[in-house]
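can you look at this prediction? I've put the sequence above it.
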Amino acid sequence: MTATTQPVTPAPASFAGRASSLLRPLYSSQEGVLLLLLVGLIVVVGTANPRFLAQRNISDVLQNTSYTAIAAIGMSMVIISGNIDVSVGSLIGVLATISGQMAVSGYPIWLAWLVPLFFGGVAGAINGFFVAYLRIPAIVVTLGMMSILKGGLILWTGGAWIYDLPEEFHLAQQAPLGVPMPVYFMIGLTIVAALWMRYSPTGRAIYAVGGNREAARLSGINERAVLMQVFIIHGVLAGVASVMFGTQFTTIQSTVPPGLEMVIITAAVVGGVSILGGTGTVIGSTLASIVIRAIASAMIFIDISPYWLQAVQGVMILLTVLADILRRRRQIRLIRG
Amino acid sequence: MAVGESPIERPGLGARVKTLFLSQEGVLLVIAIVAVLLLSTQTDRFLTVDNILNQARLMTEVGLVALPMTFIIITGGIDLSVGSTFGLAAVMLGWSWMNAGLPLELTIFVALGTGLVCGLFNGWFIVRVGVPPLIMTLATLALYRGLALGISQARSARGYPEWFYQLGQGQVLGVPTQVWLLVVATVIAAIILARTVFGRAIYAIGNNELGARFSGLKVDLYKLLIYAFSGTMAGLAGYIFVSRVSTTRSDMGTGLELDAIAAVVLGGTSINGGTGSIAGTAIGVVLIQLLKNGLSLAGLKGDATIVVIGAVLILAILLNNYIQRRTGAAA
């Protein structure tokens, strides 16, 4: 499906896409904005405190970014398809715990790395089934799923930390050629996902379904199957993210990292994925993940309390959404003359 | 489910709709009765006046937030930011008293004012800028919680004088103080929703917003009002909560939106808007509190209850959808 065949109808529903094809040039500039922001941050904070640019800090920022960036790839697909997933943070906590439990229970390490991907896919399939086939709003399904996973995890582990993980389990601590392993995953998965979404029929169909579900269905796209695929891929990517998350430290805390889903949603939205569905790229979401983590790190280096970080994220998400809506309004005005 | 209240029902359907209406409410009541019977056989600590009054006290915060949530969901919207508004109001209360030196008597206005501003902020962007409610309140879920965290610097405020606990821990005529408030608020909300032009307009907006607009209803004003209402009630609930637990913390009210939405949906309000009632929501709030109480009496920890509430939320929606489809097939 090419850009020109995308629906250009001003649909009444708030989630329906509007003239997404005309906006693509504008959205590609979102990545430009993020790059500028990153450069500005590096110059300003780097001048104020040169240690911000120490190789160790840059490496730390990139490594800590990777798992949110990987999860944000899947989140971008979900949001582009016109849905949302607030359960992903809890899912990552559960999958990391499964992975760690397997590793300490003596299963082969490769299995401890792969099983979270499988269960991530299963969780995604469950969410997807409710959304695609039972037509329950994604926010409600994933809100319910979030509390089931979060409560279930504490019930299961009692909040006990996992210690004594085998040495070779720590995939995220490896650094071939001096670059942390998660960075390879982040860059590799971003490129693969970007190409897949741009050139494969299913990838294009995600935009079509998010732009206008009914129109996509009428033009012969099996929108239910597309939504199922989106949620399953998103779940598998959450599995990859959980392995990057779980293998970075010597212990696993067996709890859900608080606010993780908001960081991931923020990365996807700030990266230029329109929260109204139908537009955006995963390159933007990965860039946005890096920017968010760089801001968090910069706050420490210029001595701002890290407790303000979440408020900064809230403002970023709000500004991006507003810019997105105002841009769309202008486009609609242009179309209508 | 108050299908019968839907203004677009055709009269020929009356009888059929009535049985459905009865069956939905019947289902809820049967569940409630079974729950009560089960719990009272499990433990003799359940069916005591003390326990019942205490449960009523515990459900007040969710109940107060669930009332405006019913209005909002009937219009087809949602407010995910109530938990964060609740937390921000609590933090502002403690901050204005401990750090800004405001007399504690005035902090009720700080809590309500914080809630009102948060609600108006949501409502203004939803109405004037056209941000979908889900997105707007998801963004402010992060923003308000972030502000609560930043302003409090994750420190708690405690050490309030004795009189401050009257609302949260005291009693009036043998009934917890805040329960009176909840009962009065529920009755007023029920009358407004069912018997006023404003209330009926809420259904009209949920059924067909454009139609309501063309019929001359002040759709924008009404929507702004219900989001402001939602924020204010979250602020009030935050105030009561601080008075009940004697401290403020920035993570207060995390997940409150889940409880409130679950109660509303369980009470038969359609997540797609257009139908629902305050009576249903009240039953939903009571049922969820019964569940929580039962689980904790059965020895399960607090974490188990959120698993159940998550499951209840999804099951309630499935039930609603099933009943709606049957109603649709009948038409």
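On my side now, so go ahead. Just so it is clear, the model here is predicted, and its values are computed rather than measured.

count the residues that sit near residue 264.
The chain I'm using is chain A. 30 (other Cβ atoms under 10 Å in any protein chain shown). Yep, even glycine has a C-beta here, placed from its N, CA and C like the rest.

that was the other one, I meant chain B.
31.

tell me who's in contact with it.
By Cβ atoms under 8 Å, 6 or more residues apart in numbering or on different chains, the contact set of residue B:264 is B:66, B:69-70, B:73, B:276, B:281, B:284.

could you point out which element follows the helix or strand hosting it?
If you go by DSSP states H and E, residue B:264 is part of helix B:256-266. Sequence order places helix B:278-297 as the next helix or strand after helix B:256-266, per DSSP H and E.

now do the strands in the stretch 151-300 of chain B.
B:157-158, B:171-172, B:175-176, B:247-248 (DSSP state E, counting those that start in this stretch).

how far off centre is the second one?
So the one you mean is strand B:171-172. On the basis of Cα atoms, centre = their mean, to the nearest Å, strand B:171-172 sits 23 Å off its chain's mean C-alpha point.

got it, and the first one?
Computed by Cα atoms, centre = their mean, the chain-centroid distance of strand B:157-158 equals 26 Å.

again with stretch A:323-337
27 Å.

and what of stretch A:93-102?
19 Å.

quick one: residue A:246 and residue A:102 touch, right?
No. The pair residue A:246 / residue A:102 is not scored as a contact, 10.4 Å apart, by Cβ atoms under 8 Å.

quickly note the distance from residue A:236 to chain B.
Using Cβ to the nearest Cβ, to the nearest Å, residue A:236 is found at 22 Å from chain B.

then residue A:333?
13 Å.

in terms of helices and strands, where is that residue?
helix A:309-336.

before we move on, the earlier item: winner for burial among the strands of the stretch 151-300 of chain B?
Comparing the strands of the stretch 151-300 of chain B by mean neighbour count (mean count of other Cβ atoms under 10 Å in any protein chain shown), strand B:247-248 comes out on top with a mean of 20.

hmm, that one in reach of chain A?
No. Counting by Cβ under 8 Å from any Cβ of the partner chain, chain A is not contacted by strand B:247-248; separation bottoms out at 14.8 Å.

helices and strands around that strand, which ones?
If contacts are counted by 3 or more Cβ pairs under 8 Å, 6 or more residues apart in numbering or on different chains; DSSP states H and E, strand B:247-248 sits against helix B:82-98, strand B:157-158.

10 Å instead, please
When contacts are defined as 3 or more Cβ pairs under 10 Å, 6 or more residues apart in numbering or on different chains; DSSP states H and E, strand B:247-248 packs onto helix B:82-98, strand B:157-158, helix B:219-245.

lowest average pLDDT across those?
The weakest mean pLDDT among the helices and strands packed on strand B:247-248 belongs to strand B:157-158, with a mean of 82.

any part of it near chain A?
No. Using Cβ under 10 Å from any Cβ of the partner chain, strand B:157-158 stays clear of chain A, with a minimum separation of 15.0 Å.

pull the residues that contact that strand.
Counting by Cβ atoms under 10 Å, 6 or more residues apart in numbering or on different chains, strand B:157-158 makes contact with B:90-91, B:93-99, B:242, B:245-249, all of which sit outside it.

how about those, which pair is most distant?
Farthest-apart pair in the contacts of strand B:157-158 is B:99 and B:245; separation 19.7 Å (Cβ to Cβ).

more neighbours: these two, which one.
residue B:245 (15 against 12).

for that one, give its distance to chain A.
Residue B:245 is 20 Å from chain A, by Cβ to the nearest Cβ.

list the contacts of that residue.
Residue B:245 touches B:90, B:158, B:165, B:168-169, B:252, counting by Cβ under 10 Å, 6+ apart.

chain A: which of those is nearest?
Nearest to chain A among the contacts of residue B:245 is residue B:252, at 13.5 Å by Cβ to the nearest Cβ.

ramachandran angles for the closest one?
phi -60, psi 140 (degrees, to the nearest 10).

how many residues are close by it?
Residue B:252: 26 neighbours (other Cβ under 10 Å).

around chain A, which positions in the stretch 151-300 of chain B sit nearby?
Checking the stretch 151-300 of chain B against chain A by Cβ under 10 Å from any Cβ, the hits are B:151-155, B:209-210, B:250-251, B:254-255, B:257-259, B:261-262, B:265, B:271-272, B:300.

hang on, the earlier thing: give the buried subset of the contacts of strand B:157-158 as a PyMOL selection command.
Selection of the buried residues among these in PyMOL, burial being defined by 16 or more other Cβ atoms under 10 Å in any protein chain shown:
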select buried, chain B and resi 90+91+93+94+95+96+97+98+242+248+249
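
closest to residue B:290 out of the contacts of strand B:157-158?
residue B:245 (21.6 Å).

from residue B:169, how far off is the closest one?
Per Cβ to Cβ, to the nearest Å, residue B:245 is found 9 Å from residue B:169.

try residue A:163
Residue A:163 is 41 Å from residue B:169, by Cβ to Cβ.

quick one, which of these two is more surrounded?
residue B:169 (16 against 10).

tell me the contacts of the closest residue to the more buried one other than its chain neighbours?
Nearest in space to residue B:169, with sequence neighbours left out and distances taken as Cβ to Cβ, 6 or more residues apart in numbering or on different chains, is residue B:244 at 6.0 Å. With contact taken as Cβ under 10 Å, 6+ apart, residue B:244 is in contact with B:57-58, B:60-61, B:165, B:167-170, B:176-178.
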